[in-house]
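>>> quick check, what structure comes out for this input:
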Amino acid sequence: MAQPPILSWEGLGLQQGGRWLFGGPGTDGLDLHVGPRDRLALIGRNGAGKTTLFRLIDDKVEADLGIRKVKANTRIVVLEQDPDLGGFETLMDFALSGDDAPARHEVEAIAGQLGIDMSKPCEGSSGGERRRAAISRALAQDPDLLLMDEPTNHLDLAAIDWLESWLDRYKGAFIVISHDRTFLKRLTRATLWLDRGILRRKEVGFGGYEAWEEQIYAEEARAAEKLDARLKLEAHWLQRGVTARRKRNQGRLEALYKMREQRAAMIDTSGTAKLKLAVEEDFKSKSVIVADKVTKSYGDRTIIKPFSLRIQRGDRIGIVGANGAGKTTLLRMLTGELAPDTGSVEIAKTLTGVMIDQQRSLMEPDRTVRQVLAEGGDWIDVRGNRKHVQGYLKEFLFDPKIVDTKVGILSGGERSRLLLAREFARKSNLLVLDEPTNDLDLETLDLLQEVIADYEGTVLIVSHDRDFLDRTVTLTLGLDGSGKVDIVAGGYEDWEAKRTKRVVPAKAKQAKKPAAPSPTPAFANSGKLSYKDQRDYELLPQRIEELEAAIERGEQILSDPDLYSSDPQKFSNISKGVENARAEKDAAEERWLELAELVEG
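Numbers count the residues shown, from 1 in each chain. Below is the predicted model:
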């Protein structure tokens with residue numbers, strides 16, 4: 001950190017529900033230091049305490065242990081995930097409320113760029129309108145530290161682009177909680193990882209988080225194994241599923257790219273489904289939804305211009321566009337819920353669908369998890385297979401002990417995950433997902449991607465989550481608001497490239513796909529390591545331990561809150577030394593893992 005922090009928490013400890021959420025007696029507690037230009041991603045599972053940490057930073061919750069320090073005149077502003085608009089007549093009344101209310105003209109300027117009418121009554125306003133009003137209020141306050149909790153929820157792509165541009169120019173610091181990987185990769189420069197009551201920080205943006213996470217788990221595995229300071233991780237890595245998951249997900253992505261290539265061959269330049277005569281009959285036999293020249297208008301406004309598409313069994317279709325462009329209208333026509341004005345939609349008689357929408361709040365709060373999943377019993381029928389309800393909970397990243405917990409006690413993200421668990425258990429061959437990523441943590445998003453990839457039926461997804469679509473769908477239906485529907489083989493990035501008439505560079509396409517394995521060296525074919533590789537395999541564990549010790553010593557020195565003011569040069573030198581040691585340790589671990597895979601192979 002080149003400049004002294006504007007906010008610090010040292011030794012933070014907090015009890016919640018009779019247990020220590022952070023820190024506690026006999027522990028060091030959480031330490032957090034925020035610099036004046038920090039761009040921080042705050043990552044952690046649902047229920048880890050991310051929103052609670054925001055409230056502690058904003059001094060809205062009193063900690064049980066620790067010291068909070070804030071630089072004089074620092075303005076901290078929170079963009080809440082679900083702001084309370086109760087008691088306000090209009091969105092502008094909400095935006096101008098509070099002790100630190102922004103100036104009206106500042107709110108109006110930002111609201112105008114976001115396209116929101118602030119005179120609209122709060123009652124009856126949509127989630128997107130409330131989100132835009134909250135953003136207008138937060139940004140107009142000119143914060144020094146901006147805390148954002150899921151800022152892209154309920155925003156369309158245009159609003160997300162605008163917010164990214166504003167934050168890119170923003171001169172203050174921010175911490176963001178978000179499931180939107182694209183948003184995080186574009187904006188963050190450092191990562192805070194809240195995991196099991198421990199807060200870790202790494203000076204790398206979200207783009208490097210997953211590799212860092214795996215390294216931390218590997219370090220824990222080494223500590224648990226205690227094998228004479230040797231890095232014998234093969235068995236433990238496989239037990240944790242880290243390596244296996246990576247390979248499995250790469251396999252799924254490769255399969256997805258092949259499906260996209262096949263789909264691209266079926267689409268002509270005008271966007272109409274087309275197939276070579278040799279495979280036309282087979283294509284038709286697999287079709288489950290056939291839209292033929294359908295249109296839809298409301299009054300004088302054309303929502304869908306003549307549009308035709310054959311949806312095949314196994315297709316994963318993403319529907320994207322700005323709010324009001326007609327995504328829901330198109331979805332309802334494709335599923336037979338809404339009749340087109342002209343044209344026809346034929347749906348296979350064997351198609352049975354499951355709809356997972358945004359109404360997670362409709363899950364009855366007084367019912368238990370067991371009642372939601374298994375009608376109060378011990379067993380659940382999962383698409384024809386009988387499973388114990390507690391075992392099934394594990395598949396959706398729940399602690400089985402929550403089986404008799406009431407839904408109302410679960411966090412919003414946990415309720416979303418429970419809804420997914422219930423709906424995915426139902427027998428179906430059509431899955432309809434309306435903004436499925438809202439309120440999900442990153443691990444649950446990964447799980448959702450895996451479940452969709454393994455789903456044997458057809459999937460229709462309405463989403464603004466660009467990364468999720470790029471990882472999931474074979475075909476994208478893009479609506480630009482004029483009524484025209486673009487049909488593009490691929491995900492959001494492919495549609496965006498077509499919409500802007502941008503050619504995706506070859507390098508970018510390659511980066512999007514899983515990296516091809518490095519050419520196998522000659523010694524691997526014989527099952528033996530070269531002399532140099534053997535030496536690295538034997539000596540790197542000791543070097544990694546030395547680097548870990550150096551990093552720990554440096555971090556202990558840097559934890560002194562008075563160091564920067566008393567000796568800024570020493571602070572800078574040690575910071576650089578710690579970063580260099582981290583970089584060397586990362587490279588050493590990557591090198592050892594490559595060698596370990598060769599030995600294992």
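>>> going by C-alpha atoms from here, please, whenever you check contacts or count neighbours.
Noted.
>>> so Ile544 touches Lys585, yeah?
Yes: contact between Ile544 and Lys585 holds when scored by CA atoms under 8 Å: they sit 5.7 Å apart.
>>> pLDDT weak spots in the stretch 101-250 of the chain?
221-250 (pLDDT under 70).
>>> one more: the chain?
1-2, 221-251, 266-285, 357-362, 501-529, 559-561, 597-601.
>>> any buried residues in the longest helix seen in the chain, and which?
For the chain, the longest helix by residue count, based on DSSP state H, is helix 568-600. By neighbour count on 16 or more other CA atoms under 10 Å, the buried set for helix 568-600 is 571-572, 574-575, 578, 581-582, 585-586, 588-589, 592-593, 595-596, 598.
>>> start and end of stretch 96-111, how far apart?
End-to-end distance for stretch 96-111, by CA to CA, to the nearest Å: 13 Å.
>>> gap between that stretch and the chain center?
Here stretch 96-111 is found 30 Å from its chain centre; the criterion is CA atoms, centre = their mean, to the nearest Å.
>>> ok, and for it, which residues are buried?
Judged by neighbour count (16+ other CA under 10 Å), stretch 96-111 contains these buried residues: 96, 102, 106-108, 110-111.
>>> try stretch 60-78
63, 65-66, 68, 75-78.
>>> so what's Pro348 closest to, chain neighbours aside?
Pro isn't right for residue 348; it's Ala. Val288 (4.9 Å; CA to CA, 6 or more residues apart in numbering).
>>> using CSV, write down the CA coordinates of the helix or strand where the one you found lies.
In this assignment (DSSP states H and E), Val288 forms part of strand 287-298. C-alpha atoms of strand 287-298 as CSV (Å, rounded to 0.1, in the frame of the first residue of the first chain):
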residue,chain,number,x,y,z
SER,A,287,-36.4,-30.2,-32.5
VAL,A,288,-38.4,-29.5,-29.3
ILE,A,289,-39.5,-25.9,-30.0
VAL,A,290,-40.0,-24.5,-33.5
ALA,A,291,-40.8,-20.8,-33.9
ASP,A,292,-41.8,-19.8,-37.4
LYS,A,293,-42.0,-16.1,-38.4
VAL,A,294,-43.4,-15.1,-35.0
THR,A,295,-44.1,-11.4,-34.2
LYS,A,296,-45.3,-9.5,-31.2
SER,A,297,-46.4,-5.9,-30.7
TYR,A,298,-48.0,-3.9,-27.9
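>>> and the residue nearest to Ala348, what does it touch?
Val288 makes contacts with 310-313, 346-348, 351, as judged by CA atoms under 8 Å, 6 or more residues apart in numbering.
>>> just checking, Asp439 touches Leu418?
No: taking CA under 8 Å as the definition, Asp439 is not a contact partner of Leu418, at 11.8 Å.
>>> which stretches of the stretch 301-450 of the chain form helices?
For the stretch 301-450 of the chain, the helices defined by DSSP state H, counting those that start in this stretch occupy 327-334, 369-374, 389-395, 412-425, 442-454.
>>> got a list of what Ala264 touches?
By CA under 8 Å, 6+ apart, the contact list for Ala264 reads 488-489.
>>> wait, a helix at Gln3?
No: counting by DSSP: H, G, I helix; E, B strand; the rest coil, Gln3 falls outside a helix, being coil.
>>> measure the residue nearest to it when sequence neighbours are not counted to Met355 for me?
Excluding the flanking residues, the one nearest Gln3 by CA to CA, 6+ apart is Gly35, at 6.4 Å. Per CA to CA, Gly35 is found 45 Å from Met355.
>>> which one of the two is surrounded by more residues?
Between Gly35 and Met355, Gly35 has the larger neighbour count (other CA atoms under 10 Å), namely 19 against 13.
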